[in-house]
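K.L.:
Below are the sequence and a predicted model for it; my questions follow.
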Amino acid sequence: MAGVATLRTITPFGHALLLPPAPATTPGAPEVSLYVEPQWRRRGIGSRLLATVREQTAEPRLVADVAEGTPGEAFCQRHGFRHTRSRRHDLLTYCDVHRAWLGELVDAEHPGYRLTHWTGDLPNAPRVEELLRSPSRPGNAVLTAADANGDLAAYAVAVVGALFEPRARQYGPAVLPDHRGQQLGRWVNAALIQRLREVHPHVNEIETAAAEDDPHLLAVREHLGFRFLRRTHLYELALP
Ligand SMILES: CC(C)(COP(=O)(O)OP(=O)(O)OC[C@H]1O[C@@H](n2cnc3c(N)ncnc32)[C@H](O)[C@@H]1OP(=O)(O)O)[C@@H](O)C(=O)NCCC(=O)NCCS
């Protein structure tokens, strides 16, 4: 096999549902991902794969997430993709997390707020409140939320990959506007890190991405032990 193209719907947690929303990227646009083996590159295979994807989709837009300064970026520019925004990816490794310290963060009082958890498989268009009302069951997602008298205040989600894959992906934390300034983001994120390990003990690292211009979110993650992994650029292609 010389190359492969995949098209997948972006988990809406990464875009539409997280606050603040990501206005530069069309919510729900599927993500195209192309890979050509190095020895087969620059022979037009990537272009043919993209042309085939374009022929077979009725979607008005495609999104691609490519590492900065790579052939993927040159390829996107060559094919008329528009750069919409940059994302910073961070990684947390469980062996760098001091469990007692994490436990203290989770157990800290946040008067008026309560932590809840949900586990299961994410439906196609997840709504956080509905998930929290539904019973937990075995699945690839863990959702941790803080609520004030039943009103959702903050949440964070982690999704594990294929069976026994050690790296999970995290979306959030997101704090709803009326509840900001009380460190709820840090609280739900710490609780998610703790819970994820209990539910999926094989997970030993968590990758997460954020817009570069979200210093508050980046500060929360850094405090919890996430470290810079790589930078990617989101590109969008409008289809005729
Ligand atoms: C990106 C990728 C799929 C391109 O595959 P490819 O088969 O080499 O692509 P093509 O031969 O069709 O290239 C088409 C054009 O893209 C541009 N391009 C591709 N690779 C490039 C490179 N390394 N440097 C500069 N321009 C490049 C060129 O304009 C090229 O046309 P040219 O060869 O006539 O100059 C391949 O490099 C790859 O698998 N990269 C790793 C995965 C990745 O980044 N995917 C992101 C795309 S969603």
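P.N.:
Yes, it's here.

K.L.:
so where's the chain shaky on pLDDT?
P.N.:
10-28, 125 (pLDDT under 70).

K.L.:
show me where it has strands.
P.N.:
Here the chain has its strands, by DSSP state E, at 3-9, 30-36, 61-67, 82-93, 114-120, 141-148, 151-160, 167-175, 205-211, 227-238.

K.L.:
same for the first one, what does it pack against?
P.N.:
By that I understand strand 3-9. Packing contacts for strand 3-9, counted by 3 or more CB pairs under 8 Å, 6 or more residues apart in numbering; DSSP states H and E, involve strand 30-36, helix 45-56. C-beta: built from backbone N, CA, C; applies to glycine.

K.L.:
Mind giving me the packing neighbours of the shortest one?
P.N.:
Counting by 3+ CB pairs under 8 Å, 6+ apart, the packing neighbours recorded for strand 30-36 are strand 3-9, helix 45-56, strand 61-67.

K.L.:
Let's see the last one as CSV, backbone CA atoms only.
P.N.:
Going back to what we said before, that points to strand 61-67. Output in CSV follows, covering the C-alpha atoms of strand 61-67 (Å, rounded to 0.1, in the frame of the first residue of the first chain):
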residue,chain,number,x,y,z
ARG,A,61,-16.1,21.6,3.4
LEU,A,62,-13.1,19.5,4.5
VAL,A,63,-10.8,20.2,7.4
ALA,A,64,-7.1,19.0,7.7
ASP,A,65,-4.9,19.3,10.8
VAL,A,66,-1.3,19.3,9.7
ALA,A,67,2.0,19.7,11.6
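
K.L.:
For this protein, which residues are neighbours of the ligand?
P.N.:
32-36, 41-47, 64, 66, 70-72, 74-75, 78 (CB under 6 Å from any ligand atom).
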